[in-house]
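Here is a sequence with its predicted model. Questions after.
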Amino acid sequence: MSMAPRRPATRLLTTLVLAGLAFAAGAQDNVRLPDLGSSANALISPQEAQDYGAAMLRQMRALDMVVDDPLLDDYINDLGFRLVAACAKPRDHFAFFIVKDDEINAFAAPGGYIAVNSGLITITRNESELAGVIAHEIGHITQNHLQRAFEASKKDAPLMALVLLGAIAAGTAGRSAGDAPMAVLAGGQGLLMQKSINFTRKDEIEADRAGIQTLANAGFDPNAMAAFFGHMEDVMSAGAGGEAPSFLQDHPVTSDRIADARARAGALIAAQKLRPSGDTLLKGQWEQITAPMPFVREPIRLDRDAPAPDDLGTYALMRERVRVLAGNALRLATWYGTNLKDRPGFDIPANRYGYALALTRSDRGAQAMTQLQPLLKAHRDSLILNLALADAELQAGQRDAALALYRDLNQQSPRNRAVALAYATALTDGGDKQQVATAADLLRPLLENSDQPEIYTAYARASDKAGDGERAGEAWADASYYSGRPFDAMEQLKRLLQRADLSYYARARIQARIAELTPLVLELRKRKIGTPDNPATRDDSQQLQDGHCAGRLCFGLDTGGSY
C-alpha cells in the first residue's frame with residue numbers, strides 16, 4: 001500500500017478538472033458516438049486545450065503534486081505512447097505523468113494530458129491492468145468527450161481551463177486552510193450532480209470499450225480492464241466501512257460495467273482464435289465480430305506481463321519506485337523491512353529494490369548497497385539496479401565509486417535522462433571546474449523540448465559553478481517557469497537582461513523568452529488567477545478562506561473523466 005499522505009489540493013484538482021470531461025452536459029442517447037468532429041473547436045482550439053493542459057501541469061508542480069523522476073517519466077510515457085500508437089487517433093497530442101497522491105484514481109485533462117495517481121499504480125497487479133487504466137483515459141480523449149462537454153456548455157466552457165487554474169491556485173490556500181477551497185467551490189455541486197453523473201456513466205462505458213480495443217491492439221490482455229474492476233470490488237469488500245476509492249465514489253463499478261468489459265474482451269480473444277494462422281481478416285469481418293469497435297489491429301498478444309527469464313520486469317520495479325518516491329521513505333523502509341522478514345512470499349526482487357530505494361532516500365546508503373548487490377549478481381546488466389547502486393554509493397560517501405559507475409552507465413546508455421541527471425548532479429556536488437563543465441555538457445542536450453524543472457535546475461547549478469552566468473540565469477528562469485512560477489521567471493529574465501556583459505545571442509534569446517511569457521502573465525493578472533509567485537495569490541487565498549470566489553467562476557463539478 002502507498003504510504004503517501006492524502007492531499008486536499010489533489011482531491012480538489014480531481015474533483016474539478018478531471019471532471020471537465022463531463023461538465024454541464026446533457027444526457028447522450030447513443031452510447032457510441034460517431035467521429036463527426038465538433039463545433040467546440042470554435043470555442044477552444046486544440047492548441048488552446050494543449051496550452052491549458054500544460055498550464056495545469058506547471059501549477060500542479062508548483063504544489064508538489066507531481067512525481068518528477070526521469071525513470072518513471074520515461075516509463076509512463078513509453079507505456080502511454082505504446083497505447084496511443086494502437087488507439088483510434090494516434091496523431092492527437094498526448095502527455096502522461098504521475099500524480100503524487102495515494103487516492104486510487106486517474107484522469108484525462110485538456111490537451112491530451114493524462115495523469116495516473118501513485119496510489120492507483122501501486123494497487124495494480126500487472127502491467128496490463130495499468131495499461132487498461134491508461135487506455136481508458138486515452139478513450140476519453142479519442143472519443144471527444146472533452147470537446148463535446150465544451151460544446152454542451154458553450155457559455156461556460158471557454159472559462160473551464162481558467163476555473164481549473166484558479167482551483168489549483170486555491171489549493172495553495174488548502175495547505176494551510178484545510179478544506180476551505182473545497183467548501184467554497186462545492187456550493188453549486190448538487191444542481192449539476194445527477195445530470196453530470198448520467199452523462200459521465202455513458203462516457204465511462206464508451207471509454208471502457210475504446211480502451212479495451214486499444215489494449216488488444218497494443219498487445220496487452222484485453223481482459224485486464226475487467227480484472228481491474230474486479231480487483232477494485234475486492235478492495236471495497238476488504239475495506240468495508242472505510243472510504244471508497246475516488247473513482248468508485250464518482251463512477252460506481254457496476255456488475256453491468258464489469259460484464260460489458262468481459263464480453264468485449266472475450267469477443268476480441270475469440271476473434272483472434274477464429275483467425276487462421278498467417279491469414280488476415282477483412283476489416284468487415286472484424287467489425288462483425290467486435291462491433292461497435294472497428295479499430296482492431298493484429299495480432300492480439302497476451303504475453304506482455306510475462307518477463308523473460310533474465311528480466312526483473314520493468315513494471316514491477318517501477319511500481320515500487322512510485323511507491324517510494326511518492327511516499328515517506330523512512331516509514332516505507334520500515335514497512336519493506338518488516339514484510340521481508342515476516343512474509344516469505346514478499347521477498348521478490350522488486351520489493352528488495354523498493355527497500356533499497358527507501359533506505360537510500362532515508363540516508364542509509366550503505367544498507368541499501370547490501371540489498372542491491374545480491375540482485376546485481378543475478379542481473380548484472382540491469383540499468384535500473386546499477387543506477388540505484390550508484391545512488392546508494394553516493395549517499396554512503398563512496399563518491400569515486402559512484403562516479404565510476406555513473407560514467408560506465410552513461411557510456412552504455414548515452415542521452416539516457418535518468419543516468420545523465422544523476423551523473424551530472426554527482427559531478428556538480430563537490431566537483432572541480434572540469435567536473436562541473438562535464439556536468440553541464442551532459443545536461444545541455446536534455447534541455448531540448450524538455451519541461452522537466454529538475455533538469456533545468458541541475459543545468460543551472462552546473463553552469464553557475466562552471467562560470468557560465470548567462471546560461472545559468474536562463475536555466476534558473478526556465479526552472480521557475482516549468483515549476484509553475486511564471487512571474488518569478490519573468491523577473492529573473494528581466495534582471496538577466498540588465499547585465500552589461502551579455503552576448504548578442506544571449507540577449508536575443510532572453511528577449512524572445514520575455515516576449516513569449518508576457519501574454520501569459522498579463523492574462524493571469526487580468527483573470528485574477530493566482531500562482532505561488534504572484535502577490536495576488538495571498539489576497540485570493542484570504543478571500544477564499546472568507547468564503548468568496550475572488551473574481552473566479554465558482555460552481556461545483558462532478559468528477560467526470562476520472563477512471
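Now that the structure is in, tell me what you want to look at. Numbers count the residues shown, from 1 in each chain.

Let's verify residue 107: helix, strand, or coil?
Look at residue 107: counting by DSSP: H, G, I helix; E, B strand; the rest coil, its state is strand.

Could you give the number of residues near it?
The tally of other residues near residue 107 (other Cβ atoms under 10 Å) stands at 26. Yep, even glycine has a C-beta here, placed from its N, CA and C like the rest.

contacts for whatever helix or strand residue 411 lives in?
Using DSSP states H and E, residue 411 sits within helix 399-412. Residues from elsewhere that reach helix 399-412 (Cβ atoms under 8 Å, 6 or more residues apart in numbering): 383, 386-387, 389-391, 393-394, 416, 419-420, 422-423, 426-427, 430, 442.

Please apply the same query to stretch 371-391.
Residues from elsewhere that reach stretch 371-391 (Cβ under 8 Å, 6+ apart): 71, 310, 312, 314, 317, 349, 352-353, 355-357, 359-360, 365, 368-369, 392, 402, 405-406, 408-409, 412-413, 416, 418-419, 422, 426.

I figured residue 141 hits residue 114, correct?
Yes: counting by Cβ atoms under 8 Å, residue 141 touches residue 114, with 7.5 Å between them.

quick one: common contacting residues for these two?
Both residue 141 and residue 114 are contacted by 94, 108, under the criterion Cβ under 8 Å, 6+ apart.

what element comes up after the helix or strand bottoming out on mean pLDDT in the chain heading to the C-terminus?
Using mean pLDDT, DSSP states H and E, helix 283-290 stands out as the lowest-scoring helix or strand of the chain, at a mean of 34. Remark: after helix 283-290, the chain's next helix or strand is helix 314-325, criterion DSSP H and E.

for the helix or strand immediately after that following helix in the chain, what is the average pLDDT?
Downstream of helix 314-325, the next assigned helix or strand under DSSP H and E is helix 329-342. Across helix 329-342, pLDDT averages out at 97.

can you give me the angle helix 329-342 makes with helix 314-325?
Orientation check (axes from the mean of the first three to the mean of the last three Cα atoms, to 10 degrees): helix 329-342 against helix 314-325 gives 130 degrees.

And helix 329-342, what does it pack against?
Judged by 3 or more Cβ pairs under 8 Å, 6 or more residues apart in numbering; DSSP states H and E, the packing partners of helix 329-342 are helix 349-361.

So which other helices or strands are in contact with the helix it packs on?
Secondary-structure packing of helix 349-361 (3+ Cβ pairs under 8 Å, 6+ apart): helix 314-325, helix 329-342, helix 365-378, helix 383-395.

could you give the angle of that helix to helix 383-395?
Using the same axes, to 10 degrees: helix 349-361 against helix 383-395 is 20 degrees.

can you give me the angle helix 349-361 makes with helix 365-378?
Going by the same axes, to 10 degrees, helix 349-361 makes 150 degrees with helix 365-378.

what is the rounded mean pLDDT of helix 349-361?
Averaging pLDDT residue by residue across helix 349-361 gives 97.

for that helix, which positions count as buried?
For helix 349-361, the buried set under the neighbour-count rule, 16 or more other Cβ atoms under 10 Å, comprises 349-361.

List just the nearest of these to residue 90.
Closest approach between those and residue 90, by Cβ to Cβ: residue 350, at 31.0 Å.

For residue 516, what is the enclosing helix or strand?
Taking DSSP H and E as the criterion, the element that holds residue 516 is helix 504-526.

So which bits of that helix are buried?
Using 16+ other Cβ under 10 Å as the burial criterion, the residues of helix 504-526 that qualify are 506, 509-510, 513-514, 517, 520-521, 524.

Would you convert those into TSV that also reports pLDDT?
Listed next are the buried residues of helix 504-526 as TSV, based on pLDDT from 0 to 100:
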residue	pLDDT
506	93
509	95
510	96
513	96
514	96
517	94
520	88
521	90
524	83
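
ok so, going back, switch the helices and strands packed on helix 349-361 over to TSV; also include distance to residue 131.
As requested, these are exported to TSV (distance: least, Cβ to Cβ, whole Å):
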stretch	distance to residue 131
helix 314-325	9
helix 329-342	25
helix 365-378	26
helix 383-395	19
